[in-house]
Structure formats: C-alpha cells, structure tokens
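[1] quick check, what structure comes out for this input:
(chains A and B)
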There are 2 protein chains.
Amino acid sequence: CLTITSVLEPGQRLRVQKTVAHGWSGARSRPAMSDQVEAALAAAGHSGWDGLVAEQRAYLDDFWARADVEVHGDEEIQQAVRFALFHVLQAGARAEQRAIPAKGLTGSGYDGHAFWDTEMFVLPVLTYTEPRAVAEALRWRRDTLPAARDRATQLGLRGAAFPWRTIDGSEGFAYWPAGTAAFHVGADIAHAVVRYVAATGDTDFERETGLELLVETARLWRSLGHHDHHGVFHIDGVTGPDEYSAITDDNTYTNLMARSNLLTAADACERHPDHASRLGVDDEESAAWRDAAESVHIPYNDELRVHEQHAGFTRHQRWDFAHTGADQYPLMLHFPYFDLYRKQVIKQSDLVLAMYTCGSWFEEHCDEDQIARNFAYYEPLTVRDSSLSACCQAVVAAQTGHLRLAYDYAAEAALMDLADLEHNTRDGLHIASLAGTWMALVAGFGGTRREGDSLSFSPRLPEKFSRLAFRLQFRGRCVSVEIEADKATYTLVMGDPLTIRHHGKPVLMNGNGPVTRPIPAPKRRPTPEQPPHRRPNAR
Amino acid sequence: CLTITSVLEPGQRLRVQKTVAHGWSGARSRPAMSDQVEAALAAAGHSGWDGLVAEQRAYLDDFWARADVEVHGDEEIQQAVRFALFHVLQAGARAEQRAIPAKGLTGSGYDGHAFWDTEMFVLPVLTYTEPRAVAEALRWRRDTLPAARDRATQLGLRGAAFPWRTIDGSEGFAYWPAGTAAFHVGADIAHAVVRYVAATGDTDFERETGLELLVETARLWRSLGHHDHHGVFHIDGVTGPDEYSAITDDNTYTNLMARSNLLTAADACERHPDHASRLGVDDEESAAWRDAAESVHIPYNDELRVHEQHAGFTRHQRWDFAHTGADQYPLMLHFPYFDLYRKQVIKQSDLVLAMYTCGSWFEEHCDEDQIARNFAYYEPLTVRDSSLSACCQAVVAAQTGHLRLAYDYAAEAALMDLADLEHNTRDGLHIASLAGTWMALVAGFGGTRREGDSLSFSPRLPEKFSRLAFRLQFRGRCVSVEIEADKATYTLVMGDPLTIRHHGKPVLMNGNGPVTRPIPAPKRRPTPEQPPHRRPNAR
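    Numbering: from 1, shown residues only, chains lettered A, B, ... in the order given. Predicted coordinates:
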C-alpha cells in the first residue's frame, strides 16, 4: 500500500503514473513468475509512459498495416470490422498456449470456456493476420492431448476426443447429446492445423505439433465410424454444428470434416515418416484412414436434389414457422428439445457451413447450381438462434450471388455486440461473431478461399459498398486485394511471386505492381426466403 | 396403547389376536376413511380369525379355480408360475384406482413408480384372471388424464402424453431421451383398454372410461406424427421399448402400437358417437386417425429382408460382442449411452415384442418365415439387460418353433426373483417379469392370442413339459386349455359357446365336453444365436 500526499493550488494538475505488470502460468514456479513480472516492471519503468504507448502503437500500426480491412460505403461496418479485428487480436495474440475463450477476456459469459468457435471462427482471422497466435492456440490443444486421449478411452474410442467446452482440456459439459456427441470439434482442430500450415508453410510446427493433433483426431474418426456391407463409411450418433438436431447419423459437416481430417493426417504422415512412426502410425493405419475418407457417406435427397444436413433430415417434418411468434425466439427458450430435434429447423449453419469449410469437395462433386439449391433449401429453415450463423450464411449467400442478403448477414455479424443484437453483450463480446465479420467480408465479398498452397478469390460487392480492400499474410507474403463494383486489383506488397485465381482464372502476382481483373456478373437467382420474423435486418 | 397382562404356567400358551384395518385415499375425507376402517374392524371382529382366514381362502380358491396354470414335468416352474400369479394378484387386485408399481408393494425399488410394464405385462395376466382389477388400474390412468393433457400441451402436442414413470400422474423422470420420448406408453394404455374390453365385453367401461383414454392417446399420435410428401405417416424422434436406442425415427413397435391406437379409437368413437362427440371428436378427426394409421411407415431392410427396429437401425454398426466380457453386463453400467445408442445392440425386446403385441399386423402383412427371420436377426443383438425381455423372447421363440429356447427364456422370467438372477430382488419383486412367466407359458407354449372377439391357440410344448394346463376368463366364460405333446384339449367350463381357432382352424367349444385336436409339428429352423455370455441358462 502506497500513500501519495500533495498540495495542489487551484488550476494545478497532479498526474500519477502507475505501472502494472501481469504474469500467469499453470506450469512455472512462483519465483519464476515473480521474476517475469519484475522484469516487465523494470522494462516499463525504463520505457516510461510515452515509451509504452509508442511500443503499443508500433505493434498495432504493424498489425493494421498487414491486417486492416477497408470498407467504403458503409461507415458503420467499416468501424465494426476494425472493432472486430482489434478484439480478435486482443483475445488471441497473448493467449500463449492457453485457450482463447468464447468471450475472450471481456466477460463472464460461458464461464471462461473455449469451444470449437476458436478453431473455426477466430483462428481463420488470425491465420491470415497474426499467424503466430494460431500456433500458440494449437499448441494449447496439443498440450491437452492427454485429457483428450483419456476421454477417447473412456468412450471406447481410439485417438483423442476433444472436449466440447473446456478451460483445462477436460470435458466441461454434462449434457452429452449436445456436447461430447459433437465430435466435429476434433476435425475442426485438424482443419485449423492444416489451414495454419498451408498459410504459413511452418513445417516445423507441422512436424512438432500439428502432426500429433492430426494423427490423434484421425484415429478418433476411424474408430468412431464404420463401414457398412457395401463398404460405405458411416459416422453414426453424432451432433453437428446445428444444436437443434442431436445424435444423428452421417451429419454431412461432420463427415466431410472427418474426411478431410483423415486425408490430411495421412498426407502429413507421408511428409514426416519418422515422426509419424514415433506416434505409432504405420502404412496400414494411414491407408485405412484414406480408405475411410474416400468412402465416407454424404447423404443426399434425390427427390429434392439437395444434400442432407444428416441422414433423414429432409424427410422430417418442417418446423411450424407460421405459428411461431416473433417473441418465441430463441426457440430453445420456448420449446422443448424433444420437438426441436425431430423437426426441420436449424439453429445455426451446418450444411451451409460445410459448403464453405469443405468447399473443395463440393466444387469437385457438384456444380454451382447445386450449391445454390442447397443454400436455398436451408435458408427457410435456419433461425439463427446462435451468433455463429450469420457470418456463415453471409459467405455462402455471397458465393451464390445473393449479395444483398449477404450484406444484411454481414451487418448482423458485425453489429452483434456494437448494437447488442442478442441483448447479452453485458456477458462479454461474441468473439467468434466478431471474427465472423472479417469472414463475411474477406471470404464472403472477397470470395477468398485457400486452394492447396495458394489462394483463390471470387470477389463481388454488394451495392452499398463502393470499395472493399483487405490484406492477407500468406507464406511470408503480404497480399493486398482491392475490390470495386466491376473490378478487383491484386497487389503483392511483399514476398515471392504467387499465382492466385480470380473467378477461376489464374493470375500471376509478382513485384511489378497491381494486376486488375474485371468481375463477372453473378448468375441471377431468386433470393431465398428466411423463416418469418427471422429475416436479417435490412440495412 | 394397550397393555395385556397374563400369568402363564409352564406349557400354557397365550394367543393374542390383533385385527388391523387399513384405509387410504387421496380424495376422501379423514372421517370417511376413519369410518371405512372402523367398519372393516367391526366386520373382522364379527368374522373372527377363522372367519377371516376362511374368507381369504375362499377368495383365493376362487382365483385359483379360474386362473391356475399347471405344469407337469418341471416342478420349479410349476412353483414359480403360482408364485408369480399370487404376486401379480396381490399387486393388482386391491390397487383400486391407484397405480400398480413396478415392484408392487414388495420393495422400494424404482421408488414406488409405475411404468408401461403395468399395461403391457401385468394387466394382460389380470385381464384373463381378475379383470375387475384391470378396470380399476385403467380408471387410475383415466384419473391422471389432466396431468397427461398438461404434459402434452407443454410439449406442443394435442391429447395426452402419459408419463414414463409416475406415482400421481406427473412425469417423474428427468432424462427425457429415455423417458418422455418413449411416447409408446400412451399406446400401451390404449392397448390395455382394448384388450380389457375385448376380453370382458364391458361396454360400460369402454364408454365411460376407455373411450376417453383411446381418444386422448389417438390425438397425441396424430399430432406427434406427420405425413411426408408421399403421404406416408412418420413418427420421428421417439424412443421405443429398447432402452439402448433413443430419439429414433419410425420405431416399429411405436408405429404399430400407434396405428392400433388410432384405429381402435376411431372404432370406439363409432360405437359411442354421443360420448365421442362430447369429447369433441367429429367425423373429420376420426377419419384423420384412420388415414394416419393406414399410411404409417414400417421400416424394412430389403437387403436383409427383416423389419427394422427403427429407421436405419440395421445399417448401424453391430456391437462388438466378441470383445465384451461376461463381467461387462449389464452394458449400461460399463459403457456410455453415446456408444450404446448408435450401435446394433438391444437391451430388451422391441421389434420382437411388436411381433407379439401387434401380431395381427404381421399375420396380415407377412408369412411365418418373415417372423422367424426377424426373430433370428434380433436374437444375436439382444442382451436382456432388462427383466422385461426374456418373457417376450419366450413368446416369439415358441411361435417360431424354437421350443427349447423358449423354455430357457420362460425359466429365466419365472426364476428372476426366486433365483435372484439379477441380484436385486432385495429391492422388491419384478412384478412384470413375474407376469411374464404367465405370458411365456400361456401366450408362448399355449400360443394364446386374442383375435377380435375370440381367442386363438397355437400350442406346442417344450420337451420337458408333459402337460401344460391353464384357464382363462373370457367374456363371461371360463375356458380350460390342456396341452400335451401331441394334442390340445379345449373345454368350456362355463358360459356361452365360442368358436376359437386351434393352429389356424376353427374349433367350436360348447357345453358338450372337451374337444381335442392334434398339434402339428413345427417347421424346423436353426436355433438363433444369442450374444456371447448372454445365452439364457439351459435348464
């Protein structure tokens, strides 16, 4: 306790500078942490207030230089995406082998727990803007592998079963139909590993950290699924991203993500045979992964000509939207889960999310009209009772040419907290929805996709945007993308030449200045309907 | 408090007679109950000990005269079936508009709760031996209709949703996937109503009590199910009798029982138009029930040529029985439900029970080989971790000619408590399994089935039985059935003539003495396998 006494004359000002340092560890000793804090205080004392401010500013200037997203034509969204980027950075940059929780450190919502949101919403942003934080976040998952292996054993499975919600790596959710059964979290982590390695080329990380995550999650899928008499691989009794269905067979999102998990694990083992062998993987095991992946069942309704969210979903009764009042949302607070589970009603993007995250499978197996038909089928069933939905819908709406709808969804994701749309921002920020703002703009209107070791863009702006510009970090490069109504300009700000694709056509980016390409008009399709009362607010 | 003093010389005996009367009511006033008890005491005092004993003996003599089952060739089973009949009578005869709990009044197991066991296992016995008790038990269900209607409303359904476990009519089970989702309890009650009315001709009961139960349960099914694009009626998201599956679509037992519920409700409304109208049923409503019933989906696997327990069940992975140790049963104490639910493993008869309780549907829609194929398919999957299973398997094993297997199952049901097979008889008797002893003998080896307003028998004895005889009360008649290895003898002990069927052929029973018919040999089929360690004990 320190007492400061001073006598001030009228008009005089007293300025007190207090320097605080913070250290935390679950592993290091108390003296080690104390030393760390004292060293930080000493350095801060040496820098002084102005020095600290300048340091912070330099850090943020550097971040904005490589990560900023510029929106012309909608100041509110411009502000919102910067607000989002700042908070995603703040939640992730110093997590340092700890979980990035659903609320970051901004509130007590979800009791500080982390979910799959981290890997599928937050890490994509950080991968292309602050990749170091992604490696840290995934090292945290790697550190929790012992608990995930124990959980798999407890469940009679091989490999690692990651928890639905957790702080320390153990399962923190008792209602297993919506928790443990949501096994997709393992594939989400694997997806984040592959995304990070592809975007950074960080093979050291892949070998030392990623490989083990890929192998242990692949083992889970191989033991969780099984082949039927025809050799088709099924994954039964699981819950997908949509929490208004549970314990379903062959959830398409889960199956496609598991497929990708199995294949990328086998690929990684091929690249790092010694490390794979140390993890006990032999040729038979990785071949079994590839075999399961290639024969995984993707349920499709031939009559409706749409992919099913899970086997049998499209045969279920539709939710009675006509008799559901505006005040009865979110549905889970007004209707029993028994009723939600057995009807066609979707809390949050599931099949639609799969079309984004597993886009290459859809590109290979179906045409654009199929994607559009799927999107149009699921739109009138999706009530967005989760903040994780709007940004995914924005991405696929943009992809299928529904730019006005994509714009409204993007705004919903962007303003979730700034406009307190769900009336719960007091519990903390929706970090994943904030990250989703970036996703809606960059993956949605930018049409940005990772394609193997390169990137592709299919940009298209909504009417209100006169310009959208963003920068991405990619394998040591800084790539700048500027989109206007009729053209897109690609500039290699830094790094080696790269051949990207623009609306399917290759474009070589090198140091010789910007390359501009015209934007083709989208195919006109009728705008899909949303459930009554659940249309996103029109901007 | 009463003190009795007496001086006894050596060799002298003092005999104290204490007469106790018991009265209970949830509705009557304290003075009314007190009057009842005092009247009982006065009557007992008047009768004296010998009078009371004689009264009780007369009551039981009368019961045994109309209900006894005689088994020659296995004294233990002879004793067990009488033990069973006595306890079923004791649990049911004086329930008097209260529930008949799973343990009767013999123990604290299941906390005194009643389940669907009452309607599907206990009431069948009482229907043919002490029908008055059945009417009382169903009046109790009728009295709980207000709670069941409230529950339906709460679930967004019409009609009445009866509770999974209850004392007072409200749902007493929190884990809804294995409780509330087991909606079949409503159809089980309706089934008991129809069985009772058919076996007694008690149209007053049907009109005053049964009709309302039928109508409200039919309404539940109509609102729980829905038609698909092809007009096929589905009931999704329900749990059947087998508790190792949950929240499934189109459970065959549930769908067939619902079908019967809907049809018999419509029939009853036709018979009692004024009362039906008072319950708000019009022609459109009962027509909608018939329509749904006739178009209900019954899932069938064309490749395996078996009916499915529920949609998709036969495509699931089989439980890994080979690696499940004898000490890992009952499975639910050693494996997570997540794993049980998604695999082909059956706790207790479900499709097999449907083949018994909805036998007429199977008779109409498939041949004997289909029944045998179904039974052979489900036997190796059924682990009998419930005491409700063995008796059902005994019935269908006997029906399909597996008499030795049926005998072992019958013995398991019979000795559940006498031999404490599940090591929990200390918690009270398994009243349903005791009732199942009667079911295994009368419906199994007796091949007794109700056929509209008459009865049919397809008797066949296991090798160890030289004779099986039983009596049934049927519409004011007493029917005696005596079965030997090669012939069956039917005697009308009392009542009007009746044409029954013996192995499919009509037999007229009248007062002119016994009619004997030869028993055809069963078709020889390979005995179905059971899961390792789960074969019933061979006698």
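
[2] going forward, measure contacts between C-alpha atoms and count neighbours the same way
    Fine.

[3] what does the stretch 101-250 of chain A put close to chain B?
    Applying CA under 8 Å from any CA of the partner chain, we find that the stretch 101-250 of chain A lies next to chain B at A:155, A:156, A:176, A:177, A:181, A:226, A:227, A:228, A:236, A:237.

[4] could I get these as a markdown table with secondary structure, neighbour count and pLDDT?
    Converted to a markdown table, those look like this (DSSP: H, G, I helix; E, B strand; the rest coil; neighbours: other CA atoms under 10 Å in any protein chain shown; pLDDT from 0 to 100):
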| residue | secondary structure | neighbour count | pLDDT |
| --- | --- | --- | --- |
| A:155 | coil | 17 | 96 |
| A:156 | coil | 13 | 96 |
| A:176 | helix | 17 | 94 |
| A:177 | helix | 19 | 95 |
| A:181 | coil | 23 | 97 |
| A:226 | strand | 19 | 98 |
| A:227 | strand | 18 | 97 |
| A:228 | coil | 14 | 97 |
| A:236 | coil | 26 | 98 |
| A:237 | coil | 25 | 97 |
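
[5] can you lay out these as a markdown table showing distance to residue A:387?
    What follows is these, written out as a markdown table (distance: CA to CA, whole Å):
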| residue | distance to residue A:387 |
| --- | --- |
| A:155 | 30 |
| A:156 | 33 |
| A:176 | 22 |
| A:177 | 20 |
| A:181 | 21 |
| A:226 | 33 |
| A:227 | 36 |
| A:228 | 37 |
| A:236 | 27 |
| A:237 | 25 |
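
[6] and the residue of the stretch 251-400 of chain A closest to chain B?
    residue A:342 (4.9 Å; CA to the nearest CA).

[7] give me the distance between the nearest residue in space to that residue that is not next to it in sequence and residue B:254.
    Once flanking residues are discounted, residue A:342 sits nearest to residue B:237: 4.9 Å by CA to CA, 6 or more residues apart in numbering or on different chains. Distance, residue B:237 to residue B:254, using CA to CA, to the nearest Å: 11 Å.

[8] quick one, longest helix in chain A?
    helix A:30-67 (DSSP state H).

[9] how many neighbours does the residue of the stretch 1-150 of chain A found nearest chain B have?
    The minimum distance from the stretch 1-150 of chain A to chain B, using CA to the nearest CA, falls at residue A:150 (14.0 Å). Other residues near residue A:150 come to 18 when the count uses other CA atoms under 10 Å in any protein chain shown.

[10] ditto for residue A:65
    Counted with other CA under 10 Å, residue A:65 comes out at 14.

[11] could you check the pLDDT of it?
    pLDDT recorded at residue A:65 is 95.

[12] and the closest residue to chain B within the stretch 51-200 of chain A, how far from residue A:146?
    Closest contact between the stretch 51-200 of chain A and chain B, by CA to the nearest CA, is at residue A:155 (6.4 Å). Noted for residue A:155: a distance of 14 Å to residue A:146, by CA to CA.

[13] am I right that residue A:209 falls within a helix?
    Yes. Under DSSP: H, G, I helix; E, B strand; the rest coil, residue A:209 sits within a helix.

[14] quick check, it in contact with residue A:139.
    Yes. Using CA atoms under 8 Å, residue A:209 is in contact with residue A:139, at 6.5 Å.

[15] these two - which one has more neighbours?
    A side-by-side neighbour count of residue A:209 and residue A:139, using other CA under 10 Å, places residue A:139 first with 22 against 19.

[16] looking at this, the more buried one is in a helix?
    Yes. According to three-state DSSP, residue A:139 belongs to a helix.

[17] identify the residues contacting the helix or strand containing residue A:277?
    Using DSSP states H and E, the element containing residue A:277 is helix A:273-278. For helix A:273-278, the external contacting residues (CA atoms under 8 Å, 6 or more residues apart in numbering or on different chains) are A:207, A:211, A:269, A:282.

[18] again, 7 Å this time
    The contact list for helix A:273-278, computed with CA atoms under 7 Å, 6 or more residues apart in numbering or on different chains, reads residue A:269.

[19] and that helix, how far from the chain's centre?
    29 Å (CA atoms, centre = their mean, to the nearest Å).

[20] was I right about the residue nearest to residue A:342 contacting residue B:247?
    Yes. Look at residue B:237 against residue B:247 with CA atoms under 7 Å: they come within range, at 4.3 Å.

[21] so who does the residue of the stretch 101-250 of chain A found nearest chain B touch?
    Minimum separation of the stretch 101-250 of chain A from chain B (CA to the nearest CA) falls at residue A:237, amounting to 4.9 Å. By CA under 7 Å, 6+ apart, residue A:237 lies in contact with A:247, A:248, A:249, B:342.

[22] and the nearest residue to residue A:346 once chain neighbours are set aside, what pLDDT?
    Spatial nearest neighbour of residue A:346, excluding adjacent residues (CA to CA, 6+ apart): residue A:382 at 4.5 Å. Residue A:382 is assigned a pLDDT of 98 by the prediction.

[23] residue A:382 and residue B:289, how far apart?
    In terms of CA to CA, residue A:382 sits 31 Å off from residue B:289.

[24] now chain A, which segments are flagged as low pLDDT?
    The model of chain A has no residue with pLDDT under 70.

[25] what does it put close to chain B?
    Contact residues (CA under 7 Å from any CA of the partner chain) of chain A with chain B: A:155, A:226, A:228, A:236, A:237, A:315, A:317, A:336, A:342.

[26] surely residue A:489 is within a strand?
    Yes. Residue A:489 forms part of a strand when assessed by three-state DSSP.

[27] which ones are touching residue A:534?
    residue A:383.

[28] how about residue A:316, phi and psi?
    Main-chain dihedrals, residue A:316, degrees, to the nearest 10: phi -70, psi 160.

[29] which residues pair with the nearest residue to it once chain neighbours are set aside across the strands?
    Distances taken as CA to CA, 6+ apart place residue A:343 nearest to residue A:316, at 5.4 Å, with adjacent residues excluded. Residue A:343 has these beta-bridge partners by DSSP bridges: residue A:317.

[30] any idea whether residue A:471 is helix, strand or coil?
    At residue A:471 the chain is in strand, as set by three-state DSSP.

[31] host element of the residue nearest to it when sequence neighbours are not counted?
    Nearest residue to residue A:471, sequence neighbours excluded (CA to CA, 6+ apart): residue A:480, at 4.4 Å. Per DSSP H and E: residue A:480 is located in strand A:477-484.

[32] for that strand, buried residues please.
    By neighbour count with 16 or more other CA atoms under 10 Å in any protein chain shown, strand A:477-484 contains the buried residues A:477, A:478, A:479, A:480, A:481, A:482, A:483, A:484.
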